[in-house]
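J.: Structure, please.
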Amino acid sequence: MASLLGLERSALAGLATAGHFGRADATGLTIVERTDIAFASVIAKRDQRGTLATACDTAFGLVPPDGPRRVAAGALTFAGTGPGQWIASAEADPSLAIRLRTLLGPFAAVADQSDSRLVLHLCGPQVRDALAKGVPIDLHPEVFKVGDVAVTVAAYSGVQIDRLDAATWQLTTPRSTAGSFWSWLSASAAEFGYDVVMK
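T.: Prediction:
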């Protein structure tokens, strides 16, 4: 990822700037780009799901979830993205993939995903309204609960949505589609008014 590797270039460079946009008299949501989170894909090897779970429990004090949920221990999180597949993440940990590969390599294929993603945190009273314009899943809090994860699409771009807490949603999308994704999101948020924070 840009900040961890010292490249000083966000996925939104040339696409977005900090400030208030859209409706001038309201702030329906705040969009924060995160460049300080490391990601790694973890895919269990054939017939190694149980052994992988045991290894994770021993090493990290967590068992990767069976479904589309987030499980965390300390700074490390595993988000279920498919059968026997997870995205692991940790803030400010550029060695995450190496660490996971060292500990889990016999049981899983691990690949660094940090540079490949645009990561946004969204909060505010109109987040669901803005997302509903392009996300084809029900994000009502009684359906999509805190800790839930969805791998879906938004405006023809693949996106992973994580409900971090009652107020915060994390969206990750491939860096290669950051331009089209941002164009859709900023247009969707405009009627509500939105702040952009670049970290």
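J.: Quickly list the domain ranges of this structure.
T.: 19-36+116-198, 38-114 (automatic domain parsing).
J.: what about the residue nearest to the spatial centre of the chain, distance to A59?
T.: The residue lying closest to the centre of the chain (CA atoms, centre = their mean) is T172, at 4.0 Å. Note on T172: its distance to A59, by CB to CB, to the nearest Å, is 24 Å. In this view, the C-beta of every residue, glycine as well, is placed from N, C-alpha and C.
J.: Then A187?
T.: In this view, A187 and A59 are 44 Å apart by CB to CB.
J.: Likewise for P141?
T.: Distance from P141 to A59, by CB to CB: 33 Å.
J.: Strands along this protein, start to end?
T.: Using DSSP state E, the strands found in the chain span residues 19-21, 29-33, 37-44, 70-73, 76-82, 85-91, 108-112, 117-123, 149-154, 157-163, 168-174, 194-198.
J.: Pipe those strands into JSON lines and attach distance to I137 and mean pLDDT per row.
T.: Listed next are the strands of the chain as JSON lines, based on distance: least, CB to CB, whole Å; pLDDT from 0 to 100:
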{"stretch": "strand 19-21", "distance to I137": "26", "mean pLDDT": "98"}
{"stretch": "strand 29-33", "distance to I137": "18", "mean pLDDT": "98"}
{"stretch": "strand 37-44", "distance to I137": "22", "mean pLDDT": "96"}
{"stretch": "strand 70-73", "distance to I137": "16", "mean pLDDT": "97"}
{"stretch": "strand 76-82", "distance to I137": "14", "mean pLDDT": "97"}
{"stretch": "strand 85-91", "distance to I137": "18", "mean pLDDT": "97"}
{"stretch": "strand 108-112", "distance to I137": "26", "mean pLDDT": "97"}
{"stretch": "strand 117-123", "distance to I137": "15", "mean pLDDT": "97"}
{"stretch": "strand 149-154", "distance to I137": "5", "mean pLDDT": "96"}
{"stretch": "strand 157-163", "distance to I137": "8", "mean pLDDT": "96"}
{"stretch": "strand 168-174", "distance to I137": "12", "mean pLDDT": "97"}
{"stretch": "strand 194-198", "distance to I137": "21", "mean pLDDT": "95"}
